[in-house]
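In: no sequence for this one, just the structure:
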């Protein structure tokens, strides 16, 4: 079954520093991958998605992710963290039956 | 265009009671999925409805059920509530077609006491 793994539940980053959130996937077929962000007491908002069109995917709020088949990874990055980036981030893979399987999430804390 | 709307936002229920949550998808979206989010288990898929039919189902007991109406609005019902059912329940809608992204509502926070 397709799945994703996110390591390190809490990630602290200084304001202005690089944000790097790791996601590795397991899939026997070409995966469709997503990154979502969740702010406190809110639902999930789509940051970006990979659907095999391009390996480097740009999303909202300055985030981007690179699909690397050789490493089975889809890591999320942002060059310069902002206080407003404090939130929980989820990587997800779409199953053939339209079910999203999520990673455990990364709680990002931005230190001023 | 209005987003996915879930009502109510917050609910407190007693063990043994039942509860119904509502979800109105984005206009034109016929697929509605439900997810349960808890600190321990994370985000787990409950079921998906498409054109009033349950198309997919996750690994939850029969106490969890749902339905979809002709206008694509969906409800989920949990009967005989248990403390462990306390969670954020998220609804997501999608357009037709393969590999389209899911748009999520703000969720219903259910607390069972």
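Out: That came through, no problem. What you see is a predicted model; the values in this text were computed from it and never measured.

In: Close to chain B: what parts of chain A are there?
Out: A:32, A:34, A:36, A:41-46, A:49, A:51, A:90, A:92, A:94, A:97-105 (C-beta under 8 Å from any C-beta of the partner chain). For the C-beta atoms, the positions are set from N, CA and C on the backbone; glycine is no exception.

In: which bits of chain B sit near chain A?
Out: B:4, B:6, B:31, B:33, B:35, B:42-43, B:45, B:48, B:55-56, B:58, B:90, B:92, B:94, B:99, B:101-107, B:109.

In: Quick one: buried ones out of the residues of chain A next to chain B?
Out: A:32, A:34, A:36, A:42-46, A:49, A:51, A:90, A:92, A:94, A:98-105 (16 or more other C-beta atoms under 10 Å in any protein chain shown).

In: Tell me which of those fall in strands.
Out: A:34, A:36, A:44, A:45, A:46, A:49, A:90, A:92, A:94, A:100, A:101, A:102 (DSSP state E).

In: Show me which pair in those residues is furthest apart.
Out: By the measure C-beta to C-beta, A:45 and A:101 form the most distant pair in these, at 18.3 Å.

In: so which strand or helix has residue 109?
Out: If you meant another chain, say so; for now it's chain A. strand A:106-111 (DSSP states H and E).

In: Correction: the question concerned chain B.
Out: strand B:108-112.

In: now that strand: how far from the chain's centre is it?
Out: Its chain's C-alpha centre and that of strand B:108-112 lie 12 Å apart, by C-alpha atoms, centre = their mean, to the nearest Å.

In: Would you mind listing the buried residues in it?
Out: Within strand B:108-112, the residues scored as buried using 16+ other C-beta under 10 Å are B:108, B:109, B:110, B:112.

In: contacts for that strand?
Out: A:41, B:6-15, B:19, B:21, B:78, B:81-89 (C-beta atoms under 8 Å, 6 or more residues apart in numbering or on different chains).

In: Partner strands of the strand holding residue A:109 and their direction?
Out: strand A:10-14 (parallel), strand A:87-94 (antiparallel) (DSSP bridges).

In: How much space separates residue B:38 from residue A:54?
Out: Distance check for residue B:38 against residue A:54: by C-beta to C-beta, to the nearest Å, it reads 35 Å.

In: same thing with residue A:65?
Out: 11 Å.

In: so how many other residues sit close to residue 56?
Out: Since you didn't name a chain, this refers to chain A. 9 (other C-beta atoms under 10 Å in any protein chain shown).

In: not what I meant, chain B
Out: 17.

In: helices and strands around the host helix or strand of it, which ones?
Out: Using DSSP H and E, residue B:56 sits in strand B:53-57. Using 3 or more C-beta pairs under 8 Å, 6 or more residues apart in numbering or on different chains; DSSP states H and E, the elements in contact with strand B:53-57 are strand B:42-50, strand B:64-68.

In: Contacts for it, please.
Out: Contacts of strand B:53-57 (C-beta under 8 Å, 6+ apart): A:97, A:98, A:99, B:31, B:33, B:45, B:46, B:47, B:48, B:49, B:66, B:68.
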